[in-house]
Every structure is written in C-alpha cells, then in structure tokens.
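*Asks:* The sequence and its predicted three-dimensional model are supplied below.
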Amino acid sequence: MLAILAIISRLNFNGLILDFDYGIYQPDGSHYAYRTLTFLGVDANLAATQVVDWYQVHGIKNNLFDVSLLSPENTGTWGLVAPRVLYSILSMPFVYVFGIPGMMAIPIMSFFTLIFAVFRMSELQKQQGVGFLLVIGLTTSPTVLRWMIANITDSLIAALFGFVALILSSDLSKKAWYSSIGVLVLLTSSTRFCLPIWIAISIVYFLNRMPARGNVVLLLSSLSFIPTYLFMPENAVLPGSEASSGIQKIIELSYSFFKVGFIELAQLAALDRILLILLIIALLLSIMNIKQMSSQFFITILFSVWFIGAINGTLGVNFRYQLPLLAFLCWAITSNLSQFPNWDGWRRINIVRKKTQN
C-alpha cells in the first residue's frame, strides 16, 4: 500500500524543484524510448521524431533536442547506451500497447520489486518491524522516488541488485546460488555498467575464504563487461582528463571520488535527510559488526558505487549512481540489529504505545 501511494503521488506530482529535474521523463530516457520503438519495428527516423515530439510536451528540463542525438551515428552517446538493452527489451510489450508512456511500466514494477526484496530480507532476519520502517523510509524518500519512478535504467538496476542482496542473504543450495547469480550478472550487465559492484561482491567472498564463489562472480562479471568495453567511445576518459599519463589519471580519479562523495552527501543533507540517516546508521552498524558478511557487502559496495560516480564525474546527481546500494543498506541494518538479542522493533514500539496509553 505504501508503495502504491508513493507511485501515485510521484506520477501526479513531478516537475522542476529547486531547478532540479524531478520529472518522470528524464533526458536519458529518450534513448531507451527510441531503442524500444526501433526494437518494435518502427522506422528509425520516425521513432526519433516521435520521441523528440513527446519530450517537447512532457519533458521538464533539457527537453528540446535534435533527432540526430538519438541516432547510432552519435557515437559518443550511442556507445554508452548501446549495451543497455534489457530495459528496452522488457518495455516492448508495454510500449506496444500504451506507446511511450509504457516506458514507465518497468520502473514501477522495479520499485515494487525493491520494496519486496527489502521486506523479505527483514523477514529472513526476523526483523519485520525494522523492515516496515525501512520500507517507509524508501517510499517517502524524494531521492529514491526521483530516480526509481522515471523512464531510465536506474530503477531496474536497483531492483536487480535487490534480488542479488536477497540471494546473498538467503540459505540457498549451491546449484540455486550459482544459477541465480549467473543470471543476475548477465541481466545487470545489460542494464548499466556495474562491474565494480560485482568485483566488490567477489572481494567479500575471497575475504571469507569462499574462492569458488568469488571466482565465479569475478569471471562472469568480467565476461559480461566485454560488450560495454567494445561499445565504449574512444574518447571516454576520466573526468576532465585528456592526458595519457596513468599517474595523472589516478590523481584525477581520486579527486573526482572525494569531490563527488562530498557533493552527494551535501545534497542528501539538504534534500533527503531520511536517506542520509539510513546511510549513516548502516555504515555505523557495519563498522561495529565488520565480521558480518552483510556489513562487508555494504561497505565494499558503498565504495564501488561511489567509484562508478567518480568515473562518470557528473556532480549533483543526487545519489543516482548509488541506487544499487539500497538493498544492501537495508540488509546491513536488519542483519546487524538482529545480532542484538534484545532488539525487536515491534516490541519496542508496543512498549512505547502501552506507556502512552497508561
């Protein structure tokens, strides 16, 4: 019910807020809408025209652009979005029936999927009360709703890594684990660039003396990265860097890492304190219980998604590239709270309620 209310409010109330684009049709989404139409057999020129016309009416910011921006000849942009086929493929039946608004179907279903994964993990940890509070936090977070309910790949990648966190936190047989992780590596890699996240996951397995699982994750994710590497534009360099010096690139990447991190945290402090508090709680609990695998997954993936943001170098994107962290953040909180034998979210809530009644 909370997720439904959040989606309805998001679809009805969106636009330009403090000069930030909170629209449901984001500029990046034009490329995925164009590809979905072409996958359905629409002529490329006609598909580009339809997308441009749609954005002129329904886009919020940067909604005026030329049709040539969507064509494969625009190698800079095309090279980045070409390997990201999953969102467009999954959107095909919905766009076939509803037109371009059908691009919202997968993000909405992805939001429900993430909420399900979070609550299911809380059930596995016997922390349903905490899980309910986390769901409230996610469904009321303007940052989560901004990127999850929009026609871009961020919602899908967050949902897929929600499944990843659910699988890693479950007691599955080896066969089920390997098959599930193999499928999810392929799906996530065809959604967005996510190799650093999978490397982080493999590192945790290596640290916990589970080399077989670590090797499988590392091998599959590396192989799945090949299409992204092949389509990568030739001039794709580190933020603001044209130099060939490896040392200089490392310095620029380090500077970008800290700069992006500072801006992202500052934005959360100004725009989304709920998410910032959850992030701090998860980090503190993970540090206190660093031997827990959930803590290790959260911390290593935290660094990996920040690394992705540093590679991109775009400032002020409001936690967008960190969305795959959400499920692991919730897992770290529920898992580490379950280590305290006297902790029960519902019990504490009931105690407060009874005292109030008396």
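*Replies:* Nice, thanks for sending it over.
*Asks:* contacting residues around stretch 146-155?
*Replies:* Stretch 146-155 is contacted from outside by 6-7, 10-11, 22-26, 28-29, 32-33, 84, 86-87, 103-104, 106-108, 110-111, 114, 158, 191-192, 318-320, 323, using Cβ atoms under 8 Å, 6 or more residues apart in numbering. All C-beta atoms are positioned from the backbone trio N, CA, C, and that covers glycine.
*Asks:* Going along the chain, name the strands of the stretch 1-150 of the chain.
*Replies:* 16-17, 20-21 (DSSP state E, counting those that start in this stretch).
*Asks:* looking at those, which is buried most?
*Replies:* strand 20-21 (a mean of 18; mean count of other Cβ atoms under 10 Å).
*Asks:* Work out the sheet partners of that one and label each with its direction, please.
*Replies:* Strand 20-21 has the following sheet partners, assigned by DSSP bridges: strand 16-17 (antiparallel).
*Asks:* which residues touch the helix or strand that contains residue 330?
*Replies:* Using DSSP states H and E, the element containing residue 330 is helix 326-337. When contacts are defined by Cβ under 8 Å, 6+ apart, helix 326-337 is touched by residues 114, 117-118, 121-122, 125, 127, 130-131, 134, 138, 144, 158, 161-162, 164-166, 168-169, 278-279, 281-282, 285-286, 288-289, 292, 294-295, 297-298, 301, 343, 345.
*Asks:* Which of the residues you listed are buried, as a PyMOL select command?
*Replies:* Burial among these is assessed by 16 or more other Cβ atoms under 10 Å; the matching PyMOL selection reads:
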select buried, resi 114+117+118+121+122+125+127+130+131+134+138+144+158+161+162+164+165+166+168+169+278+279+282+285+286+289+292+294+295+297+298+301+345
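*Asks:* Which members of the contacts of helix 326-337 are positioned in helices?
*Replies:* 114, 117-118, 121-122, 130-131, 134, 138, 144, 158, 161-162, 164-166, 168, 278-279, 281-282, 285-286, 288, 294-295, 297-298, 301, 345 (DSSP state H).
*Asks:* what residues are up against residue 40?
*Replies:* Contacts for residue 40 (Cβ under 8 Å, 6+ apart) come out as 92, 95, 96.
*Asks:* what about residue 322, neighbour count?
*Replies:* Counted with other Cβ atoms under 10 Å, the neighbours of residue 322 add up to 27.
*Asks:* Can you classify it by secondary structure?
*Replies:* At residue 322 the chain is in helix, as set by DSSP: H, G, I helix; E, B strand; the rest coil.
*Asks:* Just the element for the closest residue in space to it that isn't next to it in sequence, please.
*Replies:* If the residues on either side of it in the chain are set aside, residue 322 comes closest to residue 305, at 4.4 Å by Cβ to Cβ, 6 or more residues apart in numbering. Assigned by DSSP H and E, residue 305 belongs to helix 293-312.
*Asks:* Does anything pack onto that helix? Which helices or strands?
*Replies:* Applying 3 or more Cβ pairs under 8 Å, 6 or more residues apart in numbering; DSSP states H and E, one finds that helix 293-312 contacts helix 154-168, helix 195-207, helix 246-271, helix 273-288, helix 326-337.
*Asks:* Need the residues that contact the second one.
*Replies:* Under the criterion Cβ under 8 Å, 6+ apart, residues 161, 164, 168, 185, 188-189, 211, 213-215, 217-218, 220-222, 224-225, 228, 293, 296-297, 300-301, 303-305, 307-308, 324 lie in contact with helix 195-207.
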